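Participant: Build me a model:
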Amino acid sequence: MATPHDFVPKNDRQFLGWLTLVVNYLKNKFSSWAIPESEQQHVEQLLADFAAAFEAYDNPQTSTRAALTAKKETRKAAEAGVRALLKGYVTYNPRVTDEDRNNMELPIHKTTRTHAHAPTTTPSVTVKKPAPGVVEMLFQDSESSKRAKPAGVHGAEIIWAILDAPPAGWDSLIHSVFDTHTPYIFTFTYEERGKTLYFALRWENTRGEKGPLTEIQSTIIP
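Facilitator: The predicted structure follows:
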(Lines give C-alpha, C1' and ligand atoms only; values in the text may rest on other atoms or scores of the structure.)
Protein backbone atom coordinates (compact mmCIF):
# COMPACT_ATOMS: atom_id res chain seq x y z
CA MET A 1 0.00 0.00 0.00
CA ALA A 2 1.02 3.66 0.05
CA THR A 3 3.64 4.79 2.51
CA PRO A 4 2.85 7.41 5.16
CA HIS A 5 4.61 9.97 2.96
CA ASP A 6 2.84 9.10 -0.28
CA PHE A 7 -0.79 8.11 -0.73
CA VAL A 8 -0.16 6.47 -4.14
CA PRO A 9 0.47 2.70 -3.81
CA LYS A 10 3.84 1.51 -5.15
CA ASN A 11 2.67 -1.99 -6.05
CA ASP A 12 1.14 -2.05 -9.55
CA ARG A 13 -1.81 -4.27 -8.64
CA GLN A 14 -2.61 -2.16 -5.59
CA PHE A 15 -2.20 1.00 -7.65
CA LEU A 16 -4.70 -0.31 -10.19
CA GLY A 17 -7.19 -1.05 -7.42
CA TRP A 18 -6.72 2.36 -5.83
CA LEU A 19 -6.94 4.22 -9.16
CA THR A 20 -10.14 2.33 -10.00
CA LEU A 21 -11.54 3.34 -6.60
CA VAL A 22 -10.70 7.01 -7.13
CA VAL A 23 -12.04 7.19 -10.69
CA ASN A 24 -15.29 5.42 -9.80
CA TYR A 25 -15.80 7.69 -6.79
CA LEU A 26 -15.18 10.81 -8.84
CA LYS A 27 -17.77 9.88 -11.48
CA ASN A 28 -20.58 11.29 -9.35
CA LYS A 29 -18.54 14.24 -8.07
CA PHE A 30 -17.14 15.99 -11.15
CA SER A 31 -20.05 18.40 -11.50
CA SER A 32 -20.52 19.24 -7.82
CA TRP A 33 -16.78 19.68 -7.32
CA ALA A 34 -16.47 21.94 -10.39
CA ILE A 35 -14.10 19.56 -12.20
CA PRO A 36 -14.23 19.93 -16.02
CA GLU A 37 -15.69 17.04 -18.01
CA SER A 38 -12.44 16.87 -20.00
CA GLU A 39 -10.57 15.96 -16.81
CA GLN A 40 -13.03 13.14 -16.16
CA GLN A 41 -12.56 11.74 -19.66
CA HIS A 42 -8.78 12.04 -19.37
CA VAL A 43 -8.43 10.18 -16.07
CA GLU A 44 -10.88 7.48 -17.18
CA GLN A 45 -8.78 6.92 -20.31
CA LEU A 46 -5.59 6.74 -18.23
CA LEU A 47 -7.22 4.07 -16.07
CA ALA A 48 -8.36 2.08 -19.09
CA ASP A 49 -4.89 2.26 -20.68
CA PHE A 50 -3.08 1.11 -17.54
CA ALA A 51 -5.62 -1.63 -16.78
CA ALA A 52 -5.22 -3.09 -20.27
CA ALA A 53 -1.42 -2.87 -20.13
CA PHE A 54 -1.25 -4.41 -16.66
CA GLU A 55 -3.57 -7.26 -17.66
CA ALA A 56 -1.39 -8.02 -20.69
CA TYR A 57 1.80 -8.02 -18.61
CA ASP A 58 0.23 -10.03 -15.79
CA ASN A 59 -0.87 -12.78 -18.20
CA PRO A 60 1.97 -15.30 -18.71
CA GLN A 61 0.87 -15.84 -22.31
CA THR A 62 1.30 -12.15 -23.21
CA SER A 63 3.97 -11.08 -20.71
CA THR A 64 6.60 -9.91 -23.21
CA ARG A 65 9.26 -7.22 -23.04
CA ALA A 66 6.92 -4.96 -25.01
CA ALA A 67 4.14 -5.63 -22.48
CA LEU A 68 6.50 -4.65 -19.66
CA THR A 69 7.38 -1.40 -21.41
CA ALA A 70 3.70 -0.62 -22.04
CA LYS A 71 2.85 -1.30 -18.40
CA LYS A 72 5.60 1.02 -17.18
CA GLU A 73 4.66 3.82 -19.57
CA THR A 74 0.93 3.67 -18.86
CA ARG A 75 1.58 3.45 -15.11
CA LYS A 76 3.76 6.55 -15.29
CA ALA A 77 1.14 8.46 -17.28
CA ALA A 78 -1.73 7.35 -15.04
CA GLU A 79 0.10 8.27 -11.85
CA ALA A 80 1.09 11.69 -13.17
CA GLY A 81 -2.44 12.33 -14.41
CA VAL A 82 -4.25 11.39 -11.22
CA ARG A 83 -1.77 13.32 -9.08
CA ALA A 84 -2.33 16.44 -11.19
CA LEU A 85 -6.11 16.05 -11.03
CA LEU A 86 -6.14 15.58 -7.26
CA LYS A 87 -3.76 18.48 -6.68
CA GLY A 88 -5.65 20.82 -8.99
CA TYR A 89 -9.24 19.98 -8.10
CA VAL A 90 -9.49 17.92 -4.91
CA THR A 91 -6.75 18.50 -2.33
CA TYR A 92 -7.84 21.97 -1.22
CA ASN A 93 -11.28 22.04 -2.81
CA PRO A 94 -13.68 23.36 -0.13
CA ARG A 95 -16.43 21.15 -1.58
CA VAL A 96 -14.47 17.98 -0.72
CA THR A 97 -15.06 16.64 2.80
CA ASP A 98 -12.83 14.49 5.02
CA GLU A 99 -15.31 11.66 4.44
CA ASP A 100 -14.72 12.00 0.70
CA ARG A 101 -10.96 11.84 1.25
CA ASN A 102 -11.34 8.73 3.41
CA ASN A 103 -13.48 7.10 0.72
CA MET A 104 -10.74 7.75 -1.85
CA GLU A 105 -7.97 6.70 0.54
CA LEU A 106 -6.43 10.17 0.45
CA PRO A 107 -4.66 11.93 3.34
CA ILE A 108 -6.65 14.32 5.51
CA HIS A 109 -4.90 17.62 6.00
CA LYS A 110 -4.47 19.02 9.47
CA THR A 111 -7.13 21.48 10.50
CA THR A 112 -4.41 23.62 12.06
CA ARG A 113 -3.10 24.52 8.59
CA THR A 114 -3.02 28.24 8.03
CA HIS A 115 -6.25 29.17 6.28
CA ALA A 116 -6.25 31.34 3.20
CA HIS A 117 -7.66 34.81 3.65
CA ALA A 118 -10.58 35.97 1.55
CA PRO A 119 -9.29 37.39 -1.77
CA THR A 120 -8.90 41.16 -1.90
CA THR A 121 -7.85 41.59 -5.52
CA THR A 122 -9.77 40.99 -8.75
CA PRO A 123 -8.98 38.99 -11.88
CA SER A 124 -7.75 40.78 -14.97
CA VAL A 125 -9.42 39.37 -18.09
CA THR A 126 -8.28 39.01 -21.68
CA VAL A 127 -10.94 37.89 -24.17
CA LYS A 128 -10.08 35.91 -27.29
CA LYS A 129 -12.37 34.61 -30.04
CA PRO A 130 -10.57 31.73 -31.76
CA ALA A 131 -13.57 30.42 -33.68
CA PRO A 132 -17.23 31.20 -34.48
CA GLY A 133 -19.33 30.86 -31.34
CA VAL A 134 -16.26 30.45 -29.10
CA VAL A 135 -15.17 32.96 -26.46
CA GLU A 136 -12.03 32.34 -24.38
CA MET A 137 -11.47 34.21 -21.13
CA LEU A 138 -7.89 34.27 -19.91
CA PHE A 139 -7.56 35.56 -16.38
CA GLN A 140 -4.76 36.49 -14.00
CA ASP A 141 -4.45 38.65 -10.92
CA SER A 142 -4.95 42.35 -11.61
CA GLU A 143 -2.06 43.23 -9.27
CA SER A 144 0.48 40.83 -10.71
CA SER A 145 2.31 40.48 -14.01
CA LYS A 146 2.38 36.69 -13.61
CA ARG A 147 -0.34 34.33 -14.81
CA ALA A 148 -0.43 32.52 -11.47
CA LYS A 149 -3.45 32.91 -9.21
CA PRO A 150 -3.01 34.80 -5.93
CA ALA A 151 -1.85 32.75 -2.93
CA GLY A 152 -4.69 30.73 -1.40
CA VAL A 153 -6.99 31.21 -4.40
CA HIS A 154 -8.66 28.09 -5.79
CA GLY A 155 -10.07 29.62 -8.96
CA ALA A 156 -12.24 32.28 -10.54
CA GLU A 157 -16.02 32.56 -10.64
CA ILE A 158 -17.44 34.03 -13.85
CA ILE A 159 -20.96 35.43 -13.68
CA TRP A 160 -22.51 36.17 -17.05
CA ALA A 161 -25.60 36.67 -19.17
CA ILE A 162 -26.55 37.37 -22.78
CA LEU A 163 -28.60 40.56 -22.73
CA ASP A 164 -30.12 42.99 -25.21
CA ALA A 165 -29.08 46.02 -23.14
CA PRO A 166 -26.37 46.77 -20.56
CA PRO A 167 -27.34 45.36 -17.14
CA ALA A 168 -28.18 47.61 -14.23
CA GLY A 169 -25.97 45.60 -11.90
CA TRP A 170 -24.34 42.27 -11.11
CA ASP A 171 -27.69 40.72 -10.16
CA SER A 172 -28.62 40.71 -13.84
CA LEU A 173 -25.78 38.29 -14.58
CA ILE A 174 -27.81 35.20 -13.72
CA HIS A 175 -25.39 32.49 -14.89
CA SER A 176 -22.29 31.37 -13.02
CA VAL A 177 -19.35 29.09 -13.85
CA PHE A 178 -16.21 28.29 -11.88
CA ASP A 179 -12.77 27.58 -13.31
CA THR A 180 -9.49 26.70 -11.61
CA HIS A 181 -7.29 27.03 -14.70
CA THR A 182 -7.18 29.78 -17.29
CA PRO A 183 -8.59 30.05 -19.90
CA TYR A 184 -12.29 29.36 -19.50
CA ILE A 185 -13.89 28.54 -22.86
CA PHE A 186 -17.49 29.42 -23.66
CA THR A 187 -19.15 27.68 -26.61
CA PHE A 188 -22.33 29.30 -27.90
CA THR A 189 -24.98 28.23 -30.40
CA TYR A 190 -25.43 29.58 -33.92
CA GLU A 191 -28.48 31.55 -32.75
CA GLU A 192 -26.43 33.27 -30.02
CA ARG A 193 -23.77 34.55 -32.42
CA GLY A 194 -23.78 38.33 -32.78
CA LYS A 195 -25.39 38.86 -29.37
CA THR A 196 -23.71 40.63 -26.46
CA LEU A 197 -22.18 38.65 -23.61
CA TYR A 198 -21.91 40.57 -20.33
CA PHE A 199 -19.68 39.20 -17.59
CA ALA A 200 -17.75 39.86 -14.38
CA LEU A 201 -15.21 37.79 -12.46
CA ARG A 202 -14.03 37.31 -8.90
CA TRP A 203 -11.55 35.08 -7.11
CA GLU A 204 -12.58 32.33 -4.71
CA ASN A 205 -10.18 30.87 -2.15
CA THR A 206 -9.75 27.28 -0.98
CA ARG A 207 -12.37 27.82 1.73
CA GLY A 208 -15.03 29.00 -0.72
CA GLU A 209 -14.71 32.66 0.30
CA LYS A 210 -15.22 35.08 -2.58
CA GLY A 211 -13.37 38.27 -3.40
CA PRO A 212 -14.73 41.47 -4.97
CA LEU A 213 -16.28 41.37 -8.42
CA THR A 214 -14.76 43.16 -11.39
CA GLU A 215 -16.67 45.84 -13.25
CA ILE A 216 -19.18 44.38 -15.73
CA GLN A 217 -17.57 43.90 -19.12
CA SER A 218 -18.98 42.85 -22.47
CA THR A 219 -18.04 41.27 -25.77
CA ILE A 220 -19.87 40.33 -28.95
CA ILE A 221 -20.19 36.57 -29.48
CA PRO A 222 -18.39 35.81 -32.78
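Participant: just to confirm, which helix or strand has the most far-flung residue of the chain relative to its centre in it?
Facilitator: Seen from the C-alpha centroid of the chain, the residue lying at the greatest distance (CA atoms, centre = their mean) is Gln61, 39.9 Å away. When elements are assigned from DSSP states H and E, Gln61 belongs to no helix and no strand.
Participant: Distance-wise, check it relative to Arg13.
Facilitator: Noted for Gln61: a distance of 18 Å to Arg13, by CB to CB, to the nearest Å. For the C-beta atoms, the positions are set from N, CA and C on the backbone; glycine is no exception.
Participant: Against Thr126, how distant is the residue farthest from the centre of the chain?
Facilitator: Plainly put, Gln61 is 55 Å away from Thr126 if you go by CB to CB.
Participant: can you check Ser38 too?
Facilitator: 21 Å.
Participant: Show me what the helix or strand of the chain with the lowest mean pLDDT is in contact with.
Facilitator: Using mean pLDDT, DSSP states H and E, the weakest-scoring helix or strand in the chain turns out to be helix 98-103, at a mean of 89. For helix 98-103, contacts defined as CB atoms under 8 Å, 6 or more residues apart in numbering pick out Tyr25, Lys29, Pro107, Ile108.
Participant: Let's see that with 7 Å instead.
Facilitator: Contact with helix 98-103 is made by Tyr25, Ile108, as judged by CB atoms under 7 Å, 6 or more residues apart in numbering.
Participant: buried set for that helix?
Facilitator: Within helix 98-103, the residues that count as buried by 16 or more other CB atoms under 10 Å are Asp100, Arg101.
Participant: next helix or strand past that helix?
Facilitator: Where DSSP H and E defines the elements, the next helix or strand beyond helix 98-103 is strand 123-131.
Participant: Okay, now the sheet partners of that following strand, with direction.
Facilitator: Next to strand 123-131 in the sheet, as set by DSSP bridges, lie strand 134-141 (antiparallel).
Participant: Mark out where each domain of the chain begins and ends.
Facilitator: Using automatic domain parsing, the domains assigned to the chain come out as 12-103, 123-220.
Participant: Make a markdown table out of these and add distance to Asp6.
Facilitator: Below are these laid out as a markdown table (distance: least, CB to CB, whole Å):
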| stretch | distance to Asp6 |
| --- | --- |
| domain 12-103 | 10 |
| domain 123-220 | 22 |
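Participant: of all those, which lies closest to His117?
Facilitator: His117 sits nearest to domain 123-220 of all those, at 6.4 Å, using CB to CB.
Participant: Straight-line length of the closest one, end to end?
Facilitator: In domain 123-220, first residue to last residue: 20 Å (CA to CA, to the nearest Å).
Participant: now swap in stretch 141-150 and tell me
Facilitator: 6 Å.
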